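Enquirer: Coordinates for the following, if possible.
(2 chains)
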2 protein chains.
Amino acid sequence: MTGSHLVWRQLFDRESSTYTYLLGDAQSRVALLIDPVAGQEEQYLRLLSELGLTLSYALDTHVHADHVTALGTLRELTGCTTLLGEQSQVACVSRTFKDGDVIVVGDIALQALYTPGHTDDSYSFYWQSELGDLLFTGDTLLIRGTGRTDFQNGDARAQYHSLQRLLELPETTWVLPAHDYKGWTRSTLAEEKAHNPRLQVADAEEYARLMASLNLPHPAMMDVAVPANRGCGLTGS
Amino acid sequence: MTGSHLVWRQLFDRESSTYTYLLGDAQSRVALLIDPVAGQEEQYLRLLSELGLTLSYALDTHVHADHVTALGTLRELTGCTTLLGEQSQVACVSRTFKDGDVIVVGDIALQALYTPGHTDDSYSFYWQSELGDLLFTGDTLLIRGTGRTDFQNGDARAQYHSLQRLLELPETTWVLPAHDYKGWTRSTLAEEKAHNPRLQVADAEEYARLMASLNLPHPAMMDVAVPANRGCGLTGS
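Expert: Okay, the predicted model is just below:
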């Protein structure tokens, strides 16, 4: 947490229970935002300014269905580069990334891991940082949960295999999800392996049966958020 | 953030926007909670159990007016020792602490700093940990703000001097407050010194004028929370 070379902040959007992560290189003063939320741009710009950071990149772990992204407005306001996975097929982002790509901002180097299942464009980001191994899991792995797999080309079996891939990383890796609904801010892979009820299954078939049994309501924001996010959150795009 | 010897979690109560801090010694498996909130006890006990920790202490930075404390129920449920500052004069806690006392739980050692002003029983806790210097500021120093001083024997001039005392600690010290209403989870003393509007005053008199000009509404929960908290949050006590 000390991070002499790293500026690190976790920010919470109360309306959508989204965690946005700000990572900055304390030497070169460049920064990136993961999963920024529309409506919070003023807060992000204030914090970046007060920390003396320039926003280089803004990226989403996937096209969200529960909130509108701030990617488009942040690019308009700051000139930052916006990024999404190549599977998102969202034309308005500056660039796309694919599995294995490394997103570099100053001394920060996030490895993009394609982890489909919640959606077919879901990524996680892994970084062996001076604060320990950090894993930004989007909606793939949540604290004591996993992202639903019943819309946006979700696929429970694919998610099972994505989760197995994440669980191969070191057990002390910090799990930093895109959401939490009970006020928990982080976890570790060891903790999730032992206590996440969705990870106590024998195989992909059992996981698929578990996910099929959830009977979740239709996401309230989905019909608004997904089309908006396919336009990078910009009205009229 | 790695913390091989330290288990560390920040927990958020959405209703009151309270941050509760769990600190545990990874070797001896003992833990403490700072500012636990009534209604969240089940979550705390689940997390403590899943992390393999025994709750030794539960303490409040002060008698809160915006939420009911979980001190009483946690002591009933776990047998933990409950603590408040000696100025609180709350008979139901196990023990009190005073300025300069060090609260020791395993390898964790929190120095109690009496920082009156928000209330006349407000404390901050300072710890030079392996994660850097941590300062749990309660409602004395908030991120880009300070706790109001217009009730519960609050005193703006006393708070000014308390804030000056905190600002004498190393600039890289992490500021970990009891509340945030905009989704920010932490700050540093350097950041607050530079950008907290309440800290840009020349002296105690200017600070007192600033605090007097705020015209804040009566705290919604105060008439319920303060009497409840004087009974450690236990109904009927």
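
Enquirer: all contacts plus neighbour counts: C-alpha atoms, from now on.
Expert: Will do.

Enquirer: give me every residue that touches A:Arg198.
Expert: Applying C-alpha atoms under 8 Å, 6 or more residues apart in numbering or on different chains, one finds that A:Arg198 lies in contact with A:Arg144, A:Gly145, A:Thr146, A:Tyr207, A:Leu210.

Enquirer: so what's the backbone phi/psi at the closest residue to A:His179 other than its chain neighbours?
Expert: Closest residue to A:His179 apart from its sequence neighbours, by C-alpha to C-alpha, 6 or more residues apart in numbering or on different chains: A:Thr18 at 4.6 Å. The phi/psi pair for A:Thr18 (degrees, to the nearest 10) reads phi -100, psi 140.

Enquirer: Pull the number of nearby residues for A:Thr18.
Expert: Residues lying near A:Thr18 (other C-alpha atoms under 10 Å in any protein chain shown) number 22.

Enquirer: interface residues of chain A facing chain B?
Expert: A:1-2, A:9-14, A:50-51, A:131-132, A:172, A:182-186, A:191, A:195 (C-alpha under 8 Å from any C-alpha of the partner chain).

Enquirer: Restricted to strands, list these.
Expert: Counting by DSSP state E, these place A:Arg9, A:Gln10, A:Leu11, A:Phe12, A:Asp13, A:Gly132 in strands.

Enquirer: What is the lowest-pLDDT residue among those residues?
Expert: Lowest pLDDT within these is found at A:Gly132 (93).

Enquirer: related to what we said a few turns ago, what is the residue nearest to A:His179 paired to in the beta sheet?
Expert: A:Asp13, A:His179 (DSSP bridges).

Enquirer: wait, it sits on A:Phe12?
Expert: Yes - using C-alpha atoms under 8 Å, A:Thr18 is in contact with A:Phe12, at 5.7 Å.

Enquirer: Put the buried members of the contacts of A:Arg198 into a PyMOL selection.
Expert: Filtering those down to the buried ones (16 or more other C-alpha atoms under 10 Å in any protein chain shown) takes a single PyMOL command:
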select buried, chain A and resi 144+145+146+207
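
Enquirer: before we move on, the earlier item: from the ones in strands among the residues of chain A next to chain B, keep the buried residues only.
Expert: Members of these classed as buried by 16+ other C-alpha under 10 Å are A:Arg9, A:Gln10, A:Leu11, A:Phe12, A:Asp13.

Enquirer: Next one: the third one relative to A:Ser17, how far apart?
Expert: Going back to what we said before, that points to A:Leu11. Distance of A:Leu11 to A:Ser17, given as C-alpha to C-alpha, to the nearest Å: 10 Å.

Enquirer: And the first one, by the same measure?
Expert: Using C-alpha to C-alpha, one obtains 16 Å as the distance from A:Arg9 to A:Ser17.

Enquirer: do the same with A:Glu130
Expert: Distance, A:Glu130 to A:Ser17, by C-alpha to C-alpha: 27 Å.

Enquirer: for the residue nearest to A:His179, what are its contacts?
Expert: The neighbours of A:Thr18, taking C-alpha under 8 Å, 6+ apart as the test, are A:Phe12, A:Val37, A:Ala178, A:His179, A:Asp180.

Enquirer: Give me the phi and psi for the second one.
Expert: Translated: A:Val37. Backbone torsions of A:Val37, given as degrees, to the nearest 10, read phi -110, psi 130.

Enquirer: Am I right that it is in contact with A:Arg14?
Expert: No - using C-alpha under 8 Å, A:Val37 is not in contact with A:Arg14; the gap is 10.5 Å.

Enquirer: So for the two, which sits in the more crowded spot?
Expert: Taking other C-alpha under 10 Å, A:Val37 and A:Arg14 do not tie; A:Val37 has more neighbours (25 against 14).

Enquirer: From the centroid of chain A, which residue is nearest?
Expert: The residue lying closest to the centre of chain A (C-alpha atoms, centre = their mean) is A:Gly138, at 3.1 Å.

Enquirer: Correct me if wrong: that one contacts A:Tyr123.
Expert: Yes - the pair A:Gly138 / A:Tyr123 is scored as a contact, 7.0 Å apart, by C-alpha under 8 Å.

Enquirer: which residues do these two both contact?
Expert: Common contact partners of A:Gly138 and A:Tyr123 (C-alpha under 8 Å, 6+ apart): A:Thr61, A:His62.

Enquirer: what about the helices in chain A?
Expert: Assignment of helices within chain A using DSSP state H yields the ranges A:41-50, A:71-78, A:156-167, A:189-195, A:204-212, A:222-230.

Enquirer: Which of those helices sits closest to A:Val90?
Expert: helix A:222-230 (5.5 Å; C-alpha to C-alpha).

Enquirer: In that closest one, which residues are buried?
Expert: Buried-residue list, helix A:222-230, by 16+ other C-alpha under 10 Å: A:Met222, A:Ala225, A:Val226, A:Pro227, A:Ala228, A:Asn229, A:Arg230.

Enquirer: Using CSV, write down the CA coordinates of that helix.
Expert: The C-alpha trace of helix A:222-230 is given here as CSV (Å, rounded to 0.1, in the frame of the first residue of the first chain):
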residue,chain,number,x,y,z
MET,A,222,-29.2,-3.3,-19.3
ASP,A,223,-31.5,-2.0,-22.0
VAL,A,224,-30.0,1.5,-21.5
ALA,A,225,-26.4,0.7,-20.6
VAL,A,226,-25.5,-1.8,-23.3
PRO,A,227,-26.5,0.3,-26.3
ALA,A,228,-24.9,3.4,-24.5
ASN,A,229,-21.7,1.5,-23.9
ARG,A,230,-21.5,0.3,-27.4
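
Enquirer: gap between it and the chain center?
Expert: 17 Å (C-alpha atoms, centre = their mean, to the nearest Å).

Enquirer: Give me the helices and strands touching it, please.
Expert: The contact analysis (3 or more C-alpha pairs under 8 Å, 6 or more residues apart in numbering or on different chains; DSSP states H and E) places helix A:222-230 against no helix or strand.

Enquirer: what residues does it touch?
Expert: Against helix A:222-230 from outside (C-alpha under 8 Å, 6+ apart): A:63-69, A:90-92, A:234-235, A:237.

Enquirer: quick one, what contacts the residue sitting furthest away from the middle of chain A?
Expert: Here the centre of chain A is the reference, and by C-alpha atoms, centre = their mean the most remote residue is A:Ala202, at 26.4 Å. The contact partners of A:Ala202, taken as C-alpha under 8 Å, 6+ apart, number zero.

Enquirer: quick one: it from A:Leu214, how far?
Expert: Counting by C-alpha to C-alpha, the gap from A:Ala202 to A:Leu214 is 18 Å.

Enquirer: A:Gln200 now?
Expert: Where A:Leu214 is concerned, A:Gln200 sits at a distance of 16 Å (C-alpha to C-alpha).

Enquirer: More neighbours: A:Glu130 and A:Ser17, which one.
Expert: Neighbour tally, A:Glu130 and A:Ser17, criterion other C-alpha under 10 Å: the higher count belongs to A:Ser17, 18 against 15.

Enquirer: I appreciate the help and will end here.
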